[in-house]
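1. Need coordinates for the following:
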Amino acid sequence: MSSLRIEVSIASQQLSLLGLAQPWVVPCSTAVKGAGECYGSGCTPRGRHWIRAKIGAGLAENAVLVGRRPTGEIYSPQLAAAQPQRDWILTRILWLCGAEPGINRLGQVDTMRRYIYIHGTPDTEPMGVPLSHGCIRLRNADVMRLFELVEVGTPVLIRE
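-> Predicted coordinates for the structure are as follows:
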């Protein structure tokens, strides 16, 4: 297994990939409702996690995913205008699993059962501003690069 690890800072709205010769740091967008672990909260869960699954290998940039499956759609301004309330999950998904029972794993605080991902979002969405429904949003180019660099099992630390 690789020595790579991901750290997400809710305070600075940045995702860092550590373990490379130089850390790779990109802006992200976490939950508009802040940090929290409870089911239904719409918050970004804190603590130690790991990548449970990588979804979307080989999909086109801006491919639309619903329920972790590609819909066959490619995001466009026209599609967005036709469905303005849709929470777009694009390009790739890194599905997270909590590593701390009672904190972000099992029961009402289970990150995996809350479907918390690192995923692509429309490039028109601002980064560095908390706007998600709980997930960690990245630019599509950034999620594609991250997807290629990490493996299932890569540790992820989400901190305030």
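
2. The residue nearest the centre of the chain bridge partners, please.
-> Nearest residue to the geometric centre of the chain (CA atoms, centre = their mean): Ile118, 1.3 Å. Counting by DSSP bridges, Ile118 forms beta bridges with Leu94, Ile136.

3. Wait, it touches Leu90, no?
-> No - in this structure Ile118 lies outside contact range of Leu90 using CB atoms under 8 Å: 12.0 Å. Bear in mind the C-beta positions are built from the backbone N, C-alpha and C, glycine included.

4. which residues are common contacts for the two?
-> Val143 (CB atoms under 8 Å, 6 or more residues apart in numbering).

5. mean confidence for the helix ranked longest in the chain?
-> Identified as the longest helix of the chain according to DSSP state H is helix 140-149. Per-region confidence: helix 140-149 scores 98 on mean pLDDT.

6. Direction included, what does the helix or strand following that helix pair against?
-> Per DSSP states H and E, helix 140-149 leads on to strand 155-159 as the next helix or strand towards the C-terminus. Take DSSP bridges as the rule and strand 155-159 pairs in its sheet with strand 5-9 (parallel), strand 47-55 (antiparallel).

7. which ones are touching the spatially closest residue to Val66 that is not a sequence neighbour?
-> For Val66, ignoring the flanking residues on the chain, the nearest one in space by CB to CB, 6 or more residues apart in numbering is Ile89 at 7.1 Å. Taking CB under 8 Å, 6+ apart as the criterion, Ile89 is in contact with Val64, Leu65, Val66, Tyr117, His119, Gly120, Thr121, Cys135.
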